[in-house]
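Visitor: sequence and predicted model, in that order:
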Amino acid sequence: MDRVNDFAFKIATANGTGSASANGLIMQAIFRMGIPVTGKNVFPSNIQGLPTWYEIRVNKHGYTARTPHFDLMVALNAATYAKDVAEVRAGGWLLFDSSWPLDEKLKRPDVTYLGVPLAELCNGAFKGVRERILMKNIAYAGALAALLGIDTEVIRQLTQEKFAKKPALLASNDTAIALGYNYAKDHFQCPLPIHLERMDETKDKILIDGNTAAGLGCVYGGATVGAWYPITPSTSMMEGFKGFCQKYRVDKETKKHRYAIIQAEDELAAVGMVIGASWAGARAFTPTSGPGISLMNEFIGLAYYSEVPAVIFDVQRTGPSTGMPTRTQQGDLMLCAYASHGDTRHICIYPADPKEAFEFAAKSFDIAERFQTPVFVLTDLDIGMNDWMVPKLTWDDSYRPDRGKVLSAEELEAAKSFYRYLDIDGDGVPQRSLPGVHPKGAYFTRGSGHNKFGAYTEDSDEYQEVLDRVNRKIQNAARALPAPVIRKTPGAKMGLVTVGGCHAACMEALDLLAKDGIHLDYMRVRGFPFSDEVRQFLAEHDTNFVVEQNRDAQLRSLLMLDTGTPLTKLESVRYYAGFPMSAHHVISGVKAKLEKAA
Amino acid sequence: MTYIAKPKVHHPSLKKNALGLTRRDYEGAITTLCAGCGHDSITAAIVQAFWELDIAPHTVAKLSGIGCSSKTPAYFLKEAHGFNSVHGRMPAIATGAGCANQTLTMIGVSGDGDSLSIGLGQLCHAIRRNVNMLYVLENNGVYGLTKGQFSASADPGSMSKKGEANTMDAIDSVLLALTLGATFVARSFSGDKAQLVPLIKAGLAHKGFAFIDVISPCVTFNDHEGSTKSYAYTREHQVEVVQADFVPMRDEITAEQTPGAAKSVMMHDGSWVTFRSVAENYDATNRDAAYNYIRERQKEHEVLTGLLYISADSRDMAEQNELIPGPLTNLPFETLCPGSAELDKLMARFR
């Protein structure tokens, strides 16, 4: 039976051979054909030689979550061949390089083998080792174009755009595409039963990764100082910010920069620079991942207690310790919520995809300045580094930054007095002054005990008064954070609750569960501390399935701690092995709980 | 740390600077350090230097980490923003603040524990970045607040108050700074205000990271016989190699300010640092020669003081990063946000 625009395939190669551009080309071509598509890059913590995979899912319904069921495997890495053969679904196909004989022992009777002599074809057509290796990738893209029905006009258009200034490369690419395409046409029944047909579902969409989007969001939010220490999987966020700053923030005449980017000596310094810059009045941020947050803890406590804004992006990867740096997880939910020693509680916001990463990045500076406190923006490797199909990014030109209660020189001059930590209007947020503005604004910022006037104290009551006021301030912030996304289903008595990038898997799972007669209300939390809406949703349902990507059910713990919802109402559904969550993880988790209860 | 404000009694005859401010206007809260602490003398020298330079206190950011020395920013310039950060991490705060607002005059005060143990890495990288600030290391060779442990600057053989000898080599901050490419390196003694005040002034005028290590005896834990950071030892072994004077832009350099083999280096703001080598053939503009000479004299147990090295072509962090002049903190939002039309155009890149 033909499966049009609803299948998945996987390409297995070795890291550093240039397969990324071929894989990107295939995905982009499908996207340009108007067909919803997602790509997941499964890569090693390595520069060259270790195995790497690229998974492409095509889905006419627009489901974008990862699927682990592959209809076609492009198996070009001898080192992983046995594993790759085993992953093809029964009745599927496997494309291999037939320049060398295939190990008969690894043949499966339920898989159709498609041999394309990629190396031979490229050795004949190209000179030089490097070009032969590179063009082998483009050649398999050509073969896939024939087998899957990718529009060759679209491919030509893409290569022309990409190599507009490099005619020699363009010619090589065209040749390689034709080699693979023609070979497949001549030797196989093209297209395969799984194939593509043009749709019109992507014209208002883009393909973008979350790190690039978040970097762009920082530019749009008016951030001027970025400090960072390179760490996978967050690195490309600062590269994105830098690229956009070079495009938009360099003075046309003087060539001077309206931004500063400092590569710090470590994450401790990076967050210290953010705190120093924010203290001096800039919008500043640092992108990092879990190990970086661990290192930043002491400084985070200082910013919390001395009430200095700071924006920290945590592109989560698997932990603990170094973990698997190139795999994804939501393992830092607790760490970020309560980072640093002593009583702390931090504002966290959780984008679910690159579009929200852009929007929340811009918004995070308003939140940090308004509440004078660190704000964590938690994404993960899947959101940060993979290309997602999302609606085009938009911007409201009427937006102006909310700098919070920062007093100007005129306001300070007119004020009878200024005390840094005095809650004048009862909202828990004191007034703030910046250095260099006015003598009356001077105060001493310190992490040691201080009273509401900003003076050092060891007096119990004075100390506690400030600490309690800071707590009120953070609690009040819950209302100002992105509201939870709630979807009610008529007749549903149970709820499904999740956070961040699990959204895509949950949306697909909810549809599939409904087909089995299991109807669930849905809530995706987007900010911590949790708002009353979150509390209410949990209260309304006797059972809430809490879906997340970590071993210890951290979201469930946060929900319990912050809303007082009893654990008996919170059923945990988890997947934390390092890949992006799939719908089947959610479905099997929910069904297992239901069966147990029955 | 204190919050006891000093009574504001101004003697009418107190001399005023160009801003009409007296020295009292550059003071802070009353110190809570031990009576006779070297750090308090340094504070007094800082007050004197800022007053003489006519710097408006509120344009200054005074930064520190944790420790006895790090308390001192509370004791000067009460009209300046202060930041008592975390142990050993003041350079990161300074780096960020310097990026955000390069018009701030930044002074960081640190100690030998703060700078040479817990914060060694941050000090090194602030030097490497050439953050535009004056960095004063109040060096007493001992941990005061935790009562008398050796610090990394304690000399081998130096005795603790409890009678234990230090067995490890000292990290010499001046040699370290020279090695790392610091553009302004000085050493002084808290008991020598006449030398210290011009050094602080020159350091404040320097565009880049101005490093001054000040031997500052700890009267409570490291001022006994057998200590190499005591008043007695330092007085006996201090050898001034370079006399420095700082001449503000508005003053002419006169002959009497530069006796002997004098040399002058112009600062970015047009002021001059003039210095005269007391030691024969000491060249404070030659990094390698300075390093070798300091090393050589150390073997003879001499503590060389004065302006040990200055680079005439210092490029500070803001310059290296090609920042626009002025603060990044209050740029019009339109110059920061590309807007919706540009975003729409940009979307083509992601299709």
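Guide: Right, received. Where do you want to start?
Visitor: now do the buried residues in whichever strand or helix holds residue B:201.
Guide: Assigned by DSSP states H and E, residue B:201 belongs to helix B:193-205. Buried residues in helix B:193-205, counting neighbours by 16 or more other Cβ atoms under 10 Å in any protein chain shown, are found at B:195-205. In this view, the C-beta of every residue, glycine as well, is placed from N, C-alpha and C.
Visitor: and which of those residues is nearest chain A?
Guide: Comparing the buried residues of helix B:193-205 against chain A with Cβ to the nearest Cβ places residue B:204 closest, at 15.2 Å.
Visitor: quick one: residues contacting that closest one.
Guide: Contacts for residue B:204 (Cβ atoms under 8 Å, 6 or more residues apart in numbering or on different chains) come out as B:49-50, B:53, B:55, B:105, B:107, B:134, B:210.
Visitor: what's near enough to touch residue 52?
Guide: Just so you know, I chose chain A. Counting by Cβ under 8 Å, 6+ apart, residue A:52 touches A:12-15, A:19, A:41-44.
Visitor: my question was about chain B, not that one.
Guide: B:17, B:197, B:201.
Visitor: tell me the SS of the first one?
Guide: Read that as residue B:17. Using DSSP: H, G, I helix; E, B strand; the rest coil, the structure places residue B:17 in coil.
Visitor: and the pLDDT at it?
Guide: Here, the pLDDT recorded for residue B:17 equals 95.
Visitor: repeat for the last one
Guide: In the prediction, the pLDDT value recorded for residue B:201 is 96.
Visitor: with adjacent residues omitted, what lies nearest to the residue in the stretch 151-300 of chain B that chain A sits nearest to?
Guide: In the stretch 151-300 of chain B, the residue that lies nearest chain A is residue B:180 (12.2 Å; Cβ to the nearest Cβ). In this structure, residue B:180 finds its nearest non-sequential neighbour in residue B:127, 4.5 Å apart by Cβ to Cβ, 6 or more residues apart in numbering or on different chains.
Visitor: pairing partners for the top strand by length along chain B, with directions?
Guide: Assignment by DSSP state E gives strand B:238-247 as the longest strand of chain B. Take DSSP bridges as the rule and strand B:238-247 pairs in its sheet with strand B:272-277 (antiparallel), strand B:303-310 (parallel).
Visitor: right, and the helix or strand after the last one?
Guide: Moving toward the C-terminus from strand B:303-310, the next helix or strand (DSSP H and E) is helix B:317-320.
Visitor: can I get whichever helix or strand comes after that following helix as CSV, trimmed to CA atoms?
Guide: Going down the chain from helix B:317-320, the next helix or strand is helix B:340-346, by DSSP H and E. Provided in CSV are the C-alpha atoms of helix B:340-346 (Å, rounded to 0.1, in the frame of the first residue of the first chain):
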residue,chain,number,x,y,z
SER,B,340,9.2,43.6,12.0
ALA,B,341,9.9,44.4,8.4
GLU,B,342,13.5,43.2,8.8
LEU,B,343,12.3,40.1,10.5
ASP,B,344,10.0,39.4,7.7
LYS,B,345,12.8,39.7,5.2
LEU,B,346,15.0,37.5,7.3
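Visitor: quick check: which element contains residue 30?
Guide: In the absence of a named chain, this looks at chain A. Taking DSSP H and E as the criterion, residue A:30 maps to helix A:19-32.
Visitor: try again with chain B
Guide: Going by DSSP H and E, residue B:30 is not part of any helix or strand.
Visitor: can you tell me how far it is from chain A?
Guide: Distance of residue B:30 to chain A, given as Cβ to the nearest Cβ, to the nearest Å: 12 Å.
Visitor: ok, and what's touching the helix or strand that contains the residue nearest to residue B:180?
Guide: Using DSSP H and E, the element containing residue B:127 is helix B:120-129. Identification of contacts with helix B:120-129 by Cβ under 8 Å, 6+ apart yields A:262, A:264-266, A:268-269, A:272, B:88-92, B:94-95, B:110, B:115-116, B:133, B:135, B:152, B:171, B:173, B:176-177, B:180-182, B:209, B:211, B:317, B:320.
Visitor: buried subset of those residues as a PyMOL selection?
Guide: If you want just the buried ones from the contacts of helix B:120-129 in PyMOL, going by 16+ other Cβ under 10 Å, the selection is:
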select buried, (chain A and resi 262+264+265+266+268+269+272) or (chain B and resi 88+89+90+91+92+94+95+110+115+116+133+135+152+171+173+176+177+180+182+209+211+317)
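Visitor: in strands only, show me the contacts of helix B:120-129.
Guide: Among those, the members falling in strands (DSSP E) are A:262, B:110, B:133, B:135, B:209, B:211.
Visitor: and those as JSON lines, adding distance to residue A:199?
Guide: JSON lines is the format used below for the ones in strands among the contacts of helix B:120-129 (distance: Cβ to Cβ, whole Å):
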{"residue": "A:262", "distance to residue A:199": "46"}
{"residue": "B:110", "distance to residue A:199": "64"}
{"residue": "B:133", "distance to residue A:199": "59"}
{"residue": "B:135", "distance to residue A:199": "63"}
{"residue": "B:209", "distance to residue A:199": "60"}
{"residue": "B:211", "distance to residue A:199": "65"}
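Visitor: that older thread, just the strands paired with strand B:238-247: most buried one?
Guide: Across the strands paired with strand B:238-247, averaging neighbours per residue (mean count of other Cβ atoms under 10 Å in any protein chain shown) puts strand B:303-310 on top, at a mean of 26.
Visitor: can you list the residues of the stretch 251-351 of chain B near chain A?
Guide: Proximity of the stretch 251-351 of chain B to chain A, by Cβ under 8 Å from any Cβ of the partner chain, involves residues B:317-318, B:321-325, B:327-331, B:333, B:335-340, B:342-344, B:346-347, B:350-351.
Visitor: what subset of those is buried?
Guide: Using 16+ other Cβ under 10 Å as the burial test, these include B:317-318, B:321, B:323-324, B:327-329, B:331, B:336-338, B:340, B:343, B:346, B:350 as buried.
Visitor: quick one: residues contacting the residue of the stretch 301-450 of chain A found nearest chain B.
Guide: Going by Cβ to the nearest Cβ, chain B is nearest to residue A:435 of the stretch 301-450 of chain A, at 3.5 Å. When contacts are counted by Cβ under 8 Å, 6+ apart, residue A:435 touches A:279-281, A:441, B:58, B:60-61, B:80-81, B:97, B:101, B:104.
Visitor: then residue A:260?
Guide: Neighbouring residues of residue A:260 by Cβ under 8 Å, 6+ apart: A:224-226, A:277, B:99-100, B:318, B:321, B:323, B:328.
Visitor: check residue B:16 too.
Guide: By Cβ under 8 Å, 6+ apart, the contact set of residue B:16 is residue B:22.
Visitor: residue B:47 versus that one, what's the distance?
Guide: 14 Å (Cβ to Cβ, to the nearest Å).
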